[in-house]
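Undergrad: Structure, please.
(2 chains)
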Amino acid sequence: MSRDNILHSVRTAVGRSVGQPVADPPPVRLQIPEVEMESRIATMLMRIDALAGRGMRTADPREAVREAIAGKTAVASNSSYLTQCGITSLAGVRTGFQDRNELRDACAMADVGITSADYVLADTGSLVMIASPQEARLISLLPPAHIAVVPRERILTGLDELFTVVPNPATVTSSMVLITGPSRTADIEQILVRGVHGPGQLTVIVV
Amino acid sequence: MSAEFDQKIHTTLADANLQLAIYTATGRLKEKRVESVAPEVLPDYQDLRTQANALKKHAIENLDYYLEQFERNVVAHGGKVVYCKDATEVSDFVLSLAKDRGAKLIVKSKSMTTEEVDLNERLEHHGLESVETDLGEYILQLAHEKPYHIVAPALHKTRYDVAEIFSRRLNVPNEIVIEKQTAIARSVLREKFLAADIGISGANFLVADSGAVVIVENEGNARLTTSAPRIHIAVAGIEKVIPRAQDLATFLKLLARSATGQLLSVYTSFLSGPRRPGEVDGPDEFYVVLVDNGRTKLLPDRSKRQSLYCIRCGACLNTCPVYRKIGGHSFPWVYSGPIGAIITPQFMGVAHEPSLPFASSLCGACGEVCPVKIDIPKVLLELRSDVKKSETREGQNRWEKLAFQIFAWLMTHPRLYELAGRMGAGLGPTGTGDGGWIRSVPPPWNVAPLAAWLSQRDLPPPPTKSFREMWRQR
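TA: All right, here's what the predicted structure looks like:
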């Protein structure tokens, strides 16, 4: 039985016995800066721009999304915020998927995936996507373009604040993903190419 | 030095295109790292390194505790943990699961641990199709090669190489535009993702308090690998465990910066168990394979165990003057560069390639850039000592021992030392180059070790007066 053998080897090597308690690990290092919301939004938009994503702020997210997807097919997540913004009722938008295979096939065919995001990290321009019945994983992944619509109060300063607000993501979800810019690779001759497996276009709409 | 090591180094040095490719790629990664950790961008960089080092030290010193905690939390979220002592156990587990679930097609995202255990070859040997999905790894799988660099695996391949590999293996027209080559890979691999039965990923971190696997990547292939198929298997070395999810705030700030100079990689996935009730997609089964494969051999030595702190960022490769000349494939195992030079001898035994710890100028650059502060130069010295000790036992270095005994005897006899110095200056080779520098040696001095040593180095001309003479005449 390799489990017991490996754990036994580890214990012998580090000089510990079965069930021996451990000293406290080094204290958690989380430092949250004080940053005004306006400044967070500005930093976030600047970061997304630097990553070749598209960041915008608007009071009318429905219109912004309508313009962005004009003439295209889109799959929207089950996020109540998208419904609330009237985005799920736009022409060309399919939503409400509950079946895994149907969702996958729809995402594989769609031009655009529309989601909300649980948080946005200002200092890196990252979306924080927590998987739930409202937010499936493949909508932000399979279509060649991803649009995220986020109310401004969900903008956090950065990683330290995220892990303060969500100290242990496993208690709330099976999957938390940070998305920092469009999918990219530089595997051939260090030449940057966007959209290798995930979306090559990323739009973040702050409401 | 083994003939193979020697020959690979010389082949690499003689290939001008390859030299340029290695130098350019590592140079670019190196510059981007420097920019991203500059004090004006990341003022607490040194504090983060100190914290990361302390966390890794604590986790390794209490490894059994954190592994068990990790295991309990994986199980609590509906996943399973499988411990494997070596390559055979890893492939046996995957094979039996695949057989049981009727799986035929496996998609893989980048994992150095699976490279260690030759997982693809083993699975394919048993009739399964196992496809690498990271663009660089995919190119290498088609070319039947090993990664050249921890972070940039196909660093040595040009667009023309890729065109040739794709047209030969994928039956597509010769295509030399990189964007189009990427699109070809995207469409071929997209079909694989949607049809795959099992996704196998690596892990950058295992989080003990969450039972979570953390995967960092830029392409989205790891997200697809872990989201699309019904079964997700993460394969990771046991040393990857960290205590708390909150510690990720420290590690994530260091990892992408050190690897590619990004603030964060494009996708950071924190995965804990199969999909939960109500979640529309995600895997139904979640396994974490914890691999030993020699790691427990590194643990007993209190100093050298720091080699296990490595987070595989590749910064030491990019900054290493030796790696930047001899490249990744000269190294005897999947891990190259300074980190490869310290972990390979410990995994495989120092006798595997005894010259490896000596293939370093000990300039210290690797230790300076290491985000978790592994003192690589110190471990290299300790391994050199191990190599010498093992040689002594086998009686292989009698001449070296004799030479040092004579040297020690001379050093403890000042008058004899001075005499020997004068003899050396009078009888030894004199310089032929500019300013009297000694570039080569004439007979009878051109014996193997001295000639080899001077083939890469010049010596200053011998002084006309020794220090002792000047001291007396002061």
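Undergrad: Tell me the residue of chain A that sits nearest chain B?
TA: A:G198 (2.6 Å; CB to the nearest CB). C-beta: built from backbone N, CA, C; applies to glycine.
Undergrad: three-state assignment of that residue?
TA: Here A:G198 is coil, with the state taken from DSSP: H, G, I helix; E, B strand; the rest coil.
Undergrad: how many neighbours does the residue of the stretch 1-150 of chain B found nearest chain A have?
TA: Of all residues in the stretch 1-150 of chain B, B:G136 sits closest to chain A, at 3.5 Å by CB to the nearest CB. Neighbourhood size, B:G136 [other CB atoms under 10 Å in any protein chain shown]: 25.
Undergrad: circling back to that earlier point, need the phi and psi values for the residue of chain A closest to chain B.
TA: With angles defined as degrees, to the nearest 10, A:G198 sits at phi -90, psi -170.
Undergrad: From B:I342, how far out is B:E368?
TA: 15 Å (CB to CB, to the nearest Å).
Undergrad: Of those two, give the one with the bigger neighbour count.
TA: Set B:E368 next to B:I342 and count neighbours by other CB under 10 Å: B:I342 wins out with 29 against 13.
Undergrad: My guess is that one contacts B:V379. True?
TA: Yes. Between B:I342 and B:V379 there is a contact at 4.5 Å, judged by CB atoms under 8 Å.
Undergrad: what sits in contact with each of these two?
TA: B:304, B:307 (CB atoms under 8 Å, 6 or more residues apart in numbering or on different chains).
Undergrad: how about the strands of the chain, start to end?
TA: Looking at chain A here, since you left the chain open. A:54-57, A:74-76, A:93-94, A:112-115, A:119-121, A:126-130, A:145-150, A:155-156, A:175-179, A:184-185, A:193-194, A:201-206 (DSSP state E).
Undergrad: my bad, chain B
TA: Using DSSP E, strands in chain B cover B:80-84, B:105-108, B:129-132, B:198-201, B:205-207, B:212-217, B:231-237, B:241-242, B:267-271, B:285-291.
Undergrad: any low-confidence regions in the chain?
TA: Chain wasn't specified; assuming chain A. Flagging of chain A using pLDDT under 70 yields the residue ranges A:1.
Undergrad: Correction: the question concerned chain B.
TA: B:392-397, B:425-434, B:444-446, B:448.
Undergrad: In chain B, which helix is the longest?
TA: Using DSSP state H to define each element, chain B has its longest helix at helix B:16-36.
Undergrad: Tell me, how many residues neighbour the residue in chain B positioned nearest to chain A?
TA: Closest to chain A within chain B is B:G220: 2.6 Å, counting by CB to the nearest CB. Residues near B:G220, counting by other CB under 10 Å, number 29.
Undergrad: In contact with it, which residues are there?
TA: A:141, A:183, A:196-199, B:266-267.
Undergrad: wait, which of those is closest to A:L103?
TA: Of all those, A:L103 sits closest to A:L141, with 11.3 Å by CB to CB.
Undergrad: Contact partners for the residue of the stretch 1-150 of chain B closest to chain A?
TA: Contacts of B:G136 (CB under 8 Å, 6+ apart): A:185, A:187-188, B:147, B:152-155, B:157.
Undergrad: which residue packs closest to the residue nearest the centre of chain B, ignoring adjacent ones?
TA: Nearest to the geometric centre of chain B sits B:Y335, at 3.5 Å (CA atoms, centre = their mean). Closest residue to B:Y335 apart from its sequence neighbours, by CB to CB, 6 or more residues apart in numbering or on different chains: B:I343 at 5.5 Å.
Undergrad: surely that neighbour meets B:S307?
TA: Yes. B:I343 is in contact with B:S307 according to CB under 8 Å; the separation is 5.1 Å.
Undergrad: In terms of residue numbering, what are the domains of chain B?
TA: Chain B breaks down into these domains under automatic domain parsing: B:62-293, B:428-472.
Undergrad: Out of these, which one sits most buried?
TA: domain B:62-293 (a mean of 21; mean count of other CB atoms under 10 Å in any protein chain shown).
Undergrad: Just the endpoints, please. Distance across that one?
TA: Length of domain B:62-293, first residue to last, CA to CA, to the nearest Å: 19 Å.
Undergrad: if we can go back for a sec, just put the strands of chain B in JSON lines and tack on distance to chain A.
TA: Formatted as JSON lines, the strands of chain B follow (distance: least, CB to the nearest CB, whole Å):
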{"stretch": "strand B:80-84", "distance to chain A": "4"}
{"stretch": "strand B:105-108", "distance to chain A": "11"}
{"stretch": "strand B:129-132", "distance to chain A": "11"}
{"stretch": "strand B:198-201", "distance to chain A": "12"}
{"stretch": "strand B:205-207", "distance to chain A": "8"}
{"stretch": "strand B:212-217", "distance to chain A": "5"}
{"stretch": "strand B:231-237", "distance to chain A": "10"}
{"stretch": "strand B:241-242", "distance to chain A": "9"}
{"stretch": "strand B:267-271", "distance to chain A": "4"}
{"stretch": "strand B:285-291", "distance to chain A": "7"}
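Undergrad: Thanks again, I'm all set now.
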